[in-house]
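*Asks:* Here you go, sequence then predicted model.
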Amino acid sequence: MTKQNYNSCEERTPPRIWLSRVLARVTAPINALFDWLYHSEYNPLYRSGTLAIGLLFILLATGFYLLFFYSVSQPYDSLNAIQAQTWGGRWVRALHRYATDATLIAVFFHIVQLLCQGKTWGPRTLAWISGVVLLAALIVSTMTGYVMVWDQHGQLVATSGLLLLEELSLLGDNIGLSFSGRSPLPSSFFFMNLFLHVAIPLAMFIVMWIHTARLARTVWFPISQIFYYSLIGLFILSCVIPAPLAEPANLLLVPQEVPIDLWYNFWVPFLQHGTPPSFIVVPFAIAALLLVSLPYWWKPRKSSFSEISEVRDEQCTGCTQCARDCPYEAITMIPHTNGKHLLAKVSAGHCVSCGICAASCDVLAIGPRNRTAKDQLDSAATLISGLPQGTSRDHIVLIACRHNESAPSRLHEYALQNSNNTRSFDLNCCATLHSDTLELLLTNFAGVVISGCAARNCMNRDGLNLLKGRIFAKRVPFLNKSIDRTRILVAPHSESEMNELYGKIRVFRASLGGENKTFISTSRHITWFFKRTIATTLLLLLVASVSQFKISNSQQNGYLRIVGRLPAVEKAGCRKPTLEEEAKKPFHMRQQEICEAIPLHYLLHIQIAGKTLLRNKPIESGQRIDAPIIVNTTLAIPHGKIPLKVKLTSQKQHSQQEDQSQPEDIVSLEKSIELAPGEIFLVDITP
């Protein structure tokens, strides 16, 4: 077989950038591992998007149950009561927790899969950006769930998140004061978290509709096999390893050892060990910017963009089959200028140049330039013309999908090694194989092997189903009913399953010769189900171990927290406004009295065990001179029994020309305190 026999008229479309190709090579071993564990037909990584939605339904069901037992007035006690329900709440809560982690992992692999396939730009921009919104909503909803528990884990998430929001200046100082420990957090805080925890997932379904709006035959739910063994694995894990419940939250205690979910809160330990919040905010901001802008830079050069499908108006019969088959709803039917029937119209904003419409048209009236069904027939004729005279009936032809990574080149090598009776013919997608082309090949070859992408990993989503529909007369254009279907082998496989494919080809060739051989057993055998369930449980066990990672506070210090709300000015010399002054102001701005605002300056002095920690440190006011000054400072001090002295003084500044008044003591505290490691002593300096 010469190299010219390898059909390469159709390059991969749409093209991928080098980053996608590199990432595909990096993730190939992971895909191969999951293919070995599950078989490519049921590999959850290939259906990670629908798996994430299936897990979200599990979260809604378990969350609905837990909602009946949750109390916003006693959050921790209500969760403790749920945890005590051995046959109910405990495993339901664990299932809810582990499904949350599994959802994030499924979303991560869904993103990786899209990056590997290059599904990020052009008509897919809306889906990508809405997907980023869904990811952000998932993370925020999860954070509110952790806070709702209000154990030490929830406390760390809340206080660490507060630091990030303060770094972004998204919250006022009063919010930070609420978490100082002056008083218990109100029920309204937990009600707000509960509301967000319920409302955000419900709103996500609206965004999911946007996310899939440009897809035809949208599938939201994973196939039953993938969902069942995922659910069984989660159930087994939830019964064996309950979700952790740490000690109750205490804002006057720094947690010493807490199990934390690193899948969502990997950044929390950094803040707990002294990393400045800006070192966390900046990478997060960069990551968010890269994700949102990715459709505009993770794409090939404009010069390599593929042309969209074109319609030959004079040939179109208005049958609407191309519009029904298009996976991206890029084709609509409009009235033809002849007034007799409809005409297909391709939307440039939706077409991804997959070429599936070319195989849908019985009269060859549509398709991308140089990749129409007529071009495909010409390529098949060229392949046939290269066969030795009188030998075609002994040959089989291997049709490969160019999107199946290294599989097309390996099938070509296989055909070269068996050149005495094998030829290869590649397509951009198996769904672009026109029935006329298949009939031509079957007329000149003993059999045809169609090896597309893995069944659940089609670049164009449902290419395998469209192909089978045409072969078995369920979609037009039908394959001629007189053709023996046993001469066709449809064998979708991943690149890691080539040896299995070679075995099927050998058995297929033998069956064409009249030998009675059985095909390799499929992945539907019951032993596969148990194998996948066990594999899923073990993988989820790894997920659970990461979600219960314990972090500890290595610093054996006590802490002193100074909080308070101080007036920034003092009113003096108050008088009633004159009629002239009132007339100059609008009615709603008129005051009953006019006072002089004298700025107040505060100095804080702290002494621990005879050692000065702060010496008359000025307390800065905010941007508004009339707004109260919020003080919320935490200092590390030795633990044990120590004498403490805190003094707050104020001075009045009448004007720039006048001297400041004599300092006046506002707070003077002198006592002996005893602190355990991590304990916080609170001093409220509010006058």
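*Replies:* That came through, no problem.
*Asks:* Now the helix or strand harbouring Met204: buried residues?
*Replies:* Following DSSP states H and E, one finds Met204 within helix 187-211. Of the residues in helix 187-211, 189-190, 193-194, 196-198, 200-201, 204, 207-208, 211 count as buried by neighbour count, 16 or more other C-beta atoms under 10 Å. Yep, even glycine has a C-beta here, placed from its N, CA and C like the rest.
*Asks:* for stretch 640-656, same thing?
*Replies:* The neighbour-count check on stretch 640-656 (16+ other C-beta under 10 Å) flags 642, 644-652 as buried.
*Asks:* Please work out how many residues are found near Gln272.
*Replies:* By the criterion of other C-beta atoms under 10 Å, Gln272 has 20 neighbours.
*Asks:* Could you count how many residues lie near Lys584?
*Replies:* Quick note: Lys584 (other C-beta under 10 Å) scores 10 neighbours.
*Asks:* Run a quick neighbour tally on Pro388.
*Replies:* So Pro388, with other C-beta under 10 Å, has 9 neighbours.
*Asks:* SS state for it?
*Replies:* With DSSP: H, G, I helix; E, B strand; the rest coil as the basis, Pro388 sits in coil.
*Asks:* Distance-wise, check it relative to Arg509.
*Replies:* From Pro388 across to Arg509, the span is 18 Å (C-beta to C-beta, to the nearest Å).
*Asks:* try Cys326
*Replies:* Cys326 is 35 Å from Arg509, by C-beta to C-beta.
*Asks:* Please apply the same query to Val543.
*Replies:* Val543 is 44 Å from Arg509, by C-beta to C-beta.
*Asks:* and Glu596, helix, strand or coil?
*Replies:* Using three-state DSSP, the structure places Glu596 in strand.
*Asks:* okay but it is in contact with Arg575, surely?
*Replies:* No: at 9.4 Å, Glu596 and Arg575 do not qualify as touching, with contact defined as C-beta atoms under 8 Å.
*Asks:* Give me the more crowded residue out of these two.
*Replies:* Between Glu596 and Arg575, counted using other C-beta under 10 Å, Glu596 has the larger neighbour count: 13 against 9.
*Asks:* which residues does the more buried one contact?
*Replies:* 571-574 (C-beta atoms under 8 Å, 6 or more residues apart in numbering).
*Asks:* quick one on the thing from earlier: so can I have CSV of the buried residues of stretch 640-656 showing pLDDT?
*Replies:* Output for the buried residues of stretch 640-656, formatted as CSV (pLDDT from 0 to 100):
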residue, pLDDT
Ile642, 91
Leu644, 91
Lys645, 92
Val646, 91
Lys647, 90
Leu648, 89
Thr649, 88
Ser650, 84
Gln651, 78
Lys652, 74
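*Asks:* and which of those is nearest Gln607?
*Replies:* Lys645 (4.1 Å; C-beta to C-beta).
*Asks:* Quick one: list the elements packing against the helix or strand hosting that closest one.
*Replies:* If you go by DSSP H and E, Lys645 is part of strand 640-652. Packed against strand 640-652 by the contact rule (3 or more C-beta pairs under 8 Å, 6 or more residues apart in numbering; DSSP states H and E) you find strand 558-566, strand 594-608, strand 664-675.
*Asks:* Packed most tightly, which of those strands would that be?
*Replies:* Mean neighbours per residue, mean count of other C-beta atoms under 10 Å, is largest over the helices and strands packed on strand 640-652 for strand 558-566, with a mean of 21.
*Asks:* List the neighbouring strands of that strand plus their orientation.
*Replies:* Each strand that pairs with strand 558-566, with its direction, by DSSP bridges: strand 629-637 (antiparallel), strand 680-684 (parallel).
*Asks:* Run the chain-centre distance for that strand.
*Replies:* Distance, stretch centre to chain centre, for strand 558-566: 40 Å (C-alpha atoms, centre = their mean, to the nearest Å).
*Asks:* and what of stretch 373-392?
*Replies:* 46 Å.
*Asks:* got it, and stretch 280-298?
*Replies:* Mean C-alpha position of stretch 280-298 versus that of the full chain (C-alpha atoms, centre = their mean) differs by 14 Å.
*Asks:* name the element Lys571 belongs to?
*Replies:* strand 569-575.
*Asks:* Report the rounded mean pLDDT for the helix or strand just after that strand.
*Replies:* Following strand 569-575 in sequence order, the next helix or strand is helix 579-583 (DSSP H and E). Average pLDDT, helix 579-583: 79.
*Asks:* from memory Ile260 sits against Ser552, does it?
*Replies:* No: Ile260 is beyond contact range of Ser552, at 10.5 Å (criterion: C-beta under 8 Å).
*Asks:* Distance from the chain centre to the top helix by length along the chain, please.
*Replies:* Taking DSSP state H as the criterion, the chain has its longest helix at helix 89-117. Relative to the centre of its chain, helix 89-117 is centred 9 Å away, using C-alpha atoms, centre = their mean.
*Asks:* buried residues in that helix?
*Replies:* 89-107, 109-117.
*Asks:* helices or strands next to it in the packing?
*Replies:* By 3+ C-beta pairs under 8 Å, 6+ apart, helix 89-117 packs against helix 18-38, helix 48-67, helix 75-83, helix 125-149, helix 224-240, helix 262-265, helix 526-547.
*Asks:* Mean pLDDT lowest where, among the ones you listed?
*Replies:* helix 526-547 (a mean of 86).
*Asks:* following that one, which helix or strand comes up?
*Replies:* Criterion used, DSSP H and E; the element after helix 526-547 is strand 549-552.
*Asks:* what's next to that following strand, contact-wise?
*Replies:* 256-262, 268-269, 272.
*Asks:* ok, now with 10 Å
*Replies:* With C-beta atoms under 10 Å, 6 or more residues apart in numbering as the test, strand 549-552 has contacts from 153, 156, 244, 246, 255-263, 265-266, 268-269, 272-273.
*Asks:* Inside strands: which ones of those residues?
*Replies:* Among the contacts of strand 549-552, the members found in strands (DSSP state E) are 257-260.
*Asks:* okay, now the domains of this structure?
*Replies:* Domain assignment of the chain by automatic domain parsing yields the ranges 17-296, 304-520, 558-684.
*Asks:* For Thr527, find the nearest of these.
*Replies:* domain 17-296 (11.6 Å).
*Asks:* Quick one: end-to-end distance for the closest one.
*Replies:* 12 Å (C-alpha to C-alpha, to the nearest Å).
*Asks:* what's the distance between it and the middle of its chain?
*Replies:* 9 Å.
*Asks:* can you offset everything so residue one is 85?
*Replies:* Done: numbering now begins at 85, and the last item shifts to domain 101-380.
*Asks:* And Trp304, what's its pLDDT?
*Replies:* On the pLDDT scale, Trp304 gets 88.
*Asks:* residues touching it, list them.
*Replies:* 133-134, 137-138, 140-141, 289, 292-293, 295-296 are the contacts of Trp304 under C-beta under 10 Å, 6+ apart.
*Asks:* cool, and Ser490?
*Replies:* Contacts of Ser490 by C-beta under 10 Å, 6+ apart are 108-109, 112, 497, 579-580, 582.
*Asks:* try it again with 6 Å
*Replies:* Glu579 (C-beta atoms under 6 Å, 6 or more residues apart in numbering).
*Asks:* Then Gly133?
*Replies:* Here Gly133 is in contact with His194 (criterion: C-beta under 6 Å, 6+ apart).
*Asks:* I'd like to know how far it sits from Leu218.
*Replies:* Using C-beta to C-beta, we find Gly133 at a distance of 10 Å from Leu218.
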